[in-house]
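Enquirer: got a sequence here, can you model it:
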Amino acid sequence: MNTNEAIRDQIRSDYSNIATTSNKAEGTGSSCCAGACGVTESIDPDVLAEQIGYSRAELEALPADANMGLSCGNPNVIANLKEGETVLDLGSGGGFDLFLAGPKVGASGKAIGVDMTAEMIAKARKNLEHYKNTTGLDNVEFRLGEIEHLPVADNSVDVVMSNCVINLALDKQGVWDEIARVLKPGGRVAISDIALYEPLPESVKGIVESWAGCIAGAALVEDLRHQMLKAGLEQVSLTPKPEYVKALINADDPLYQKVAAELPEGKTAADFITSVDISATKPDGCGCADGCCG
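Expert: Numbers count the residues shown, from 1 in each chain. The predicted structure follows:
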């Protein structure tokens, strides 16, 4: 087994463990950039979600197991979803962001989640009953697959969103190419993820859990910009959102404590790592982002 395959298998195993052990009703949660990619008590998932832009009303409307603390931003805010649109969530987990997106696109729209972990797909599908009962909608579905090879047709999606997942991909250019492939002309990108201001010390990558903790695989902000442009996306915008990393540092998160121990004196994790809001559009084929020029 090569190194990439080993890392991918470890990530899948770690998130499988989160899916099967995270239980909000029992007070256990996890954080994408926290702990050994498992359950951590450093910060309550709902408290973290509120700090990064989710409202208490949104959180209370979700199935109990949908929020596992795996978010580092709120892509629904960036997405500006409209009635009748098709939205695709990369790494949809237990359905957290997709269950918030579904009512926005309405009965005439569609919300599709893709996740590589069978246990996450099972958890999300179990949560569907709560979503249908509380919204009266049947517009959400979940598909097993890898974000580097999306099980989605060309030019079929209005909005691609994702929350703290692309950093886990070993072929990030492949992910952006796939995003560009499935988006309709004029389609939009609305993503929250972890990125780096500057490279981390090599010793940080030796912390095993930092891969599934969203740190070791994080790309430089400017590298992400280059990858998106290379994929053919335009109007690319990457906006650092430091609140997430600061919240974990202030909560004395175990993983961030380990990272801090490897940093140069006087530096903190927030000097290297940030959550970032990412938006872009796919060219519509006639030079206008919002429709052909008349």
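
Enquirer: quick one: low-confidence ranges for the chain?
Expert: Low-confidence segments of the chain, defined by pLDDT under 70: 1-2, 22-42, 208-212, 286-294.

Enquirer: can you pull the contacts of the residue nearest the centre of it?
Expert: Geometric centre of the chain, nearest residue: Asn163, 1.7 Å, by CA atoms, centre = their mean. Contact analysis of Asn163 by CB atoms under 8 Å, 6 or more residues apart in numbering lists 70-75, 89, 91, 96-97, 191-193. Backbone N, C-alpha and C define where each C-beta goes, glycine included.

Enquirer: okay, helices next: where are they in this protein?
Expert: Secondary structure of the chain by DSSP state H: the helices cover 3-21, 45-51, 56-61, 75-79, 96-105, 118-135, 172-182, 202-205, 209-212, 221-230, 243-250, 254-261.

Enquirer: taking those helices together, which one is wrapped up most tightly?
Expert: Across the helices of the chain, the average number of neighbours (mean count of other CB atoms under 10 Å) peaks for helix 96-105, which reaches a mean of 25.

Enquirer: now for it, which elements pack on it?
Expert: helix 75-79, strand 86-90, strand 110-115, helix 118-135, strand 140-144, strand 157-163 (3 or more CB pairs under 8 Å, 6 or more residues apart in numbering; DSSP states H and E).

Enquirer: mind checking which of these is nearest Glu202?
Expert: strand 157-163 (27.1 Å; CB to CB).

Enquirer: paired strands for the closest one, with orientation please.
Expert: strand 86-90 (parallel), strand 183-196 (parallel) (DSSP bridges).

Enquirer: out of those strands, deepest packed?
Expert: strand 86-90 (a mean of 27).

Enquirer: and that one, C-alpha only, in CSV?
Expert: This file holds the C-alpha atoms of strand 86-90, laid out as CSV (Å, rounded to 0.1, in the frame of the first residue of the first chain):
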residue,chain,number,x,y,z
THR,A,86,-29.7,21.8,-7.1
VAL,A,87,-27.0,22.0,-4.4
LEU,A,88,-24.3,19.4,-3.9
ASP,A,89,-22.5,19.0,-0.6
LEU,A,90,-19.0,17.5,-0.7
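
Enquirer: what angle do that strand and helix 172-182 make?
Expert: 170 degrees (axes from the mean of the first three to the mean of the last three CA atoms, to 10 degrees).

Enquirer: turn the helices and strands packed on helix 96-105 into TSV, columns for distance to Leu200.
Expert: Listed next are these as TSV, based on distance: least, CB to CB, whole Å:
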stretch	distance to Leu200
helix 75-79	24
strand 86-90	24
strand 110-115	27
helix 118-135	27
strand 140-144	32
strand 157-163	21
